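Asks: 3D, please:
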Amino acid sequence: MSLRRAIVWFRQDLRLHDNEAITNALKMADEVLPVYVFDERIFRGRTRCFDFPKTGKFRAKFIIEAVEDLREQLRSCGSELVVRVGKPEEVIFELARECRSNWVFCNRERTAEEVAVQNTLEKKLWTIGQEVLYTRGKMLYYTADLPFPVTHSPDVFTQFRKEVERIVPVREPLPSPKQIPHFSSDIVPGLIPTLQDFGHDEVVPDSRSVIQFQGGETAALDRLHYYLWETDHIKEYKETRNGLVGGDYSTKFSAWLAQGCLSPKKIYHELKKYEAERGANKSTYWLFFELLWRDFFRLMGKKYGEKIFLKGGTKREEPSGLRDNWQNMRPWLEGETGVPFIDANMRELNLTGFMSNRGRQNVASFLVKDLFVNWQMGAEYFESMLIDYDVTSNWGNWNYIAGVGSDPREDRYFNIVKQARRYDPKGDYVKLWVPELAELPADMVHIPDQLKFVEQEEHHVEIGKDYPQAIVETRKWN
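Replies: Numbering: from 1, shown residues only. Next comes the predicted model:
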């Protein structure tokens, strides 16, 4: 009797815990071949409209590290990870033909580029009598457990939350496999590429970074344990989550969640365990609340498909007055707008690949509502730069800020100076990333364009020379 063989194609599920694809493959197959393909269109390509590198060096480094960790995890189970660079629909098909597998297991994706790849692979496999068996793993909830079909998902988050959180149970995460039967073939595992292979320079760590993100399941589980059990930081999460400086004001789980190094169900059940042993409060609930937002944006991506990328968003109404304006876009993306709170956030992004949630909302609002730049330009730049880029969360949030997505408020607008004074009252964050303004007192650091000449002399900064003139006068927000 011939052996039943399965390929497990790892995509954005770079972990062994709570991995339905590998769990199902082990149930059905005698031998399992784990595969990861660095899609050349993702790692060497450009964004769809505005020609930014599709995957910047910070996220590329993180994914490389995650694949390295996955290979080590698989080796500890007696298996091996086959790594290739190319087009997954071609690479997986050739491997399936070479090793005479029966099935390819993979996590189903729902947005256009990923769907095109999986559909092409599926059709190619049919020609050799094989099939793709899809699994789930990105969401906290299984869509089959929701009280509505995806096409009837509520368009407003609050309604979604009320319909789901108290009545739908979160399934237990699947256990990690202890042993994976080795594939009896001569397939070469392959080398894991380097940053240089994708045209990037080495990442030089910046001492100001909130944390030094390390890709992989091992680092993800360490971070989860640290934030809950080692430090009890979760107890103050609701109060600290809008912080700007340091590693502990928020969980920083997002990068590991985006690449599937950490399962949302794992976080949830670890959180429930923590609440049972050390107590529940508004902060522990708020982490669950944030996981609900991730599911909501993913459902919006499933429901509306390509519309989340279009200028009119899910509302299908293009906002008036927004232009593809590179003259305004460049100082924004370079952190040279002359508005310190905006510049500090953009410089942090450019130098580390990360920006706080509070920062993201402010820089997005500023680009769209103050500079009148097409929000899609900002969304694509974030796609390029963010270490924790998640397609539906990124584009859903930009839809939200631009007023073309799921938000009952028609005109969501951020008063930048008010926000800066509230969340950076002493100017510590601005001074960290905009050292030109380090000598300014707290009452001046967020409004340097309003400094009189004598005040500039007193504090050793010349506006227009040491720091740019503001492209939007801060008096607008006073």
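
Asks: tell me which strands and helices the top helix by length along the chain is in contact with?
Replies: The helix that spans the most residues within the chain, counting by DSSP state H, is helix 282-304. With contacts defined as 3 or more CB pairs under 8 Å, 6 or more residues apart in numbering; DSSP states H and E, the packing partners of helix 282-304 are helix 157-164, helix 237-240, helix 264-278, helix 391-402. In short, each C-beta sits where N, CA and C put it, glycine included.

Asks: got those helices as TSV, with mean neighbour count and distance to residue 22 columns?
Replies: Below are the helices and strands packed on helix 282-304 laid out as TSV (neighbours: other CB atoms under 10 Å; distance: least, CB to CB, whole Å):
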stretch	mean neighbour count	distance to residue 22
helix 157-164	16	28
helix 237-240	16	31
helix 264-278	17	15
helix 391-402	24	23
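
Asks: closest to residue 16 out of the ones you listed?
Replies: Comparing the helices and strands packed on helix 282-304 against residue 16 with CB to CB, the closest turns out to be helix 264-278 (11.2 Å).

Asks: mind putting the helices and strands packed on helix 282-304 into JSON lines with distance to residue 424?
Replies: Formatted as JSON lines, the helices and strands packed on helix 282-304 follow (distance: least, CB to CB, whole Å):
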{"stretch": "helix 157-164", "distance to residue 424": "27"}
{"stretch": "helix 237-240", "distance to residue 424": "14"}
{"stretch": "helix 264-278", "distance to residue 424": "29"}
{"stretch": "helix 391-402", "distance to residue 424": "20"}
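
Asks: and of those, who's closest to residue 422?
Replies: Judged by CB to CB, the one of these that comes nearest to residue 422 is helix 237-240, at 13.6 Å.

Asks: roughly how far is the helix or strand following the closest one from the heart of the chain?
Replies: Downstream of helix 237-240, the next assigned helix or strand under DSSP states H and E is helix 254-258. For helix 254-258, the distance from its own C-alpha centre to the chain's C-alpha centre is 6 Å (CA atoms, centre = their mean, to the nearest Å).

Asks: counting by contacts, list what helix 254-258 packs against.
Replies: Judged by 3+ CB pairs under 8 Å, 6+ apart, the packing partners of helix 254-258 are helix 217-225.

Asks: domain map for this protein?
Replies: Domain assignment for the chain by automatic domain parsing gives 5-137, 138-173+216-305, 326-477.

Asks: dump these into CSV; add distance to residue 208 as well.
Replies: Putting the domains of the chain into CSV (distance: least, CB to CB, whole Å) gives the following:
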stretch, distance to residue 208
domain 5-137, 14
domain 138-173+216-305, 8
domain 326-477, 6
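
Asks: which one of the ones you listed lies nearest to residue 209?
Replies: Minimum separation from residue 209 across those (CB to CB) falls at domain 326-477, 4.5 Å.

Asks: start and end of the closest one, how far apart?
Replies: Across domain 326-477, the straight-line distance between its terminal residues is 24 Å, by CA to CA, to the nearest Å.

Asks: low-confidence bits of this structure, can you list those?
Replies: 1, 407-410 (pLDDT under 70).

Asks: run through the strands of the stretch 1-150 of the chain in chain order.
Replies: Chain-ordered strands for the stretch 1-150 of the chain, with DSSP state E, counting those that start in this stretch as the definition, fall at 5-10, 31-39, 82-86, 103-107, 131-135.

Asks: who touches residue 193 in this structure?
Replies: The neighbourhood of residue 193, defined by CB atoms under 8 Å, 6 or more residues apart in numbering, consists of 38, 43, 64, 83, 85.

Asks: determine which two of those are furthest apart.
Replies: Checked with CB to CB, the contacts of residue 193 reach their widest spread between 43 and 83, with 12.5 Å between them.

Asks: next, the buried residues of the helix or strand just after the longest helix of the chain.
Replies: Past helix 282-304, further along toward the C-terminus, the next helix or strand under DSSP H and E is helix 326-334. Residues of helix 326-334 classed as buried under the neighbour-count rule (16 or more other CB atoms under 10 Å) are 328, 329, 331, 332, 333.

Asks: hmm, who's touching helix 326-334?
Replies: Outside helix 326-334, the residues that touch it by CB under 8 Å, 6+ apart are 336-338, 342, 346, 350, 363, 366-367, 371-373, 377-378, 381, 468, 471.

Asks: kindly recompute the last result at 7 Å.
Replies: With contacts defined as CB atoms under 7 Å, 6 or more residues apart in numbering, helix 326-334 is touched by 337, 346, 367, 371, 373, 377, 381, 471.

Asks: those residues in helices, which ones?
Replies: Using DSSP H, the contacts of helix 326-334 in helices are 346, 377, 381.

Asks: wait, the second one sits on residue 50?
Replies: Yes: using CB atoms under 7 Å as the test, residue 377 is close enough to residue 50 to be in contact (5.4 Å).

Asks: between the two, which one's more packed in?
Replies: Each of residue 377 and residue 50 has its neighbours counted (other CB atoms under 10 Å); residue 377 has more, 25 against 18.

Asks: quickly note the distance from the more buried one to residue 51.
Replies: Using CB to CB, to the nearest Å, residue 377 is found at 11 Å from residue 51.

Asks: still on that earlier bit, so which of the ones in helices among the contacts of helix 326-334 is the closest to residue 321?
Replies: If you rank the ones in helices among the contacts of helix 326-334 by distance to residue 321 using CB to CB, residue 377 comes first, at 14.3 Å.

Asks: run through the residues that contact the closest one.
Replies: Contacts were defined as CB under 7 Å, 6+ apart; by that measure residue 377 touches 50, 324, 329.

Asks: and the closest residue to the first one other than its chain neighbours, how far is that from residue 114?
Replies: Taking CB to CB, 6 or more residues apart in numbering, and ignoring the residues beside it in sequence, residue 50 has residue 380 as its nearest neighbour in space, at 4.8 Å. Residue 380 sits 17 Å away from residue 114 when distances are taken as CB to CB.

Asks: same question, residue 244
Replies: Relative to residue 114, and taking CB to CB, residue 244 is found at 33 Å.

Asks: one more: residue 183?
Replies: Using CB to CB, residue 183 is found at 26 Å from residue 114.

Asks: more neighbours, the two?
Replies: Neighbours around residue 183 and residue 114, counted as other CB under 10 Å, are more numerous at residue 183. The numbers are 22 against 18.

Asks: part of a strand, is the more buried one?
Replies: No: the secondary structure assignment for residue 183 gives coil rather than a strand, going by DSSP: H, G, I helix; E, B strand; the rest coil.

Asks: how much space between it and residue 217?
Replies: Here residue 183 is placed at a distance of 21 Å from residue 217 (CB to CB).

Asks: burial of the nearest residue to residue 15 once chain neighbours are set aside, as a residue count?
Replies: Computed as CB to CB, 6+ apart, the closest residue to residue 15 that is not its neighbour in sequence is residue 217, at 4.2 Å. Residues near residue 217, counting by other CB under 10 Å, number 25.

Asks: and for residue 360?
Replies: The criterion is other CB under 10 Å. On that basis, residue 360 has 19 neighbouring residues.

Asks: cool, residue 3 as well?
Replies: Using other CB under 10 Å, residue 3 is surrounded by 13 other residues.
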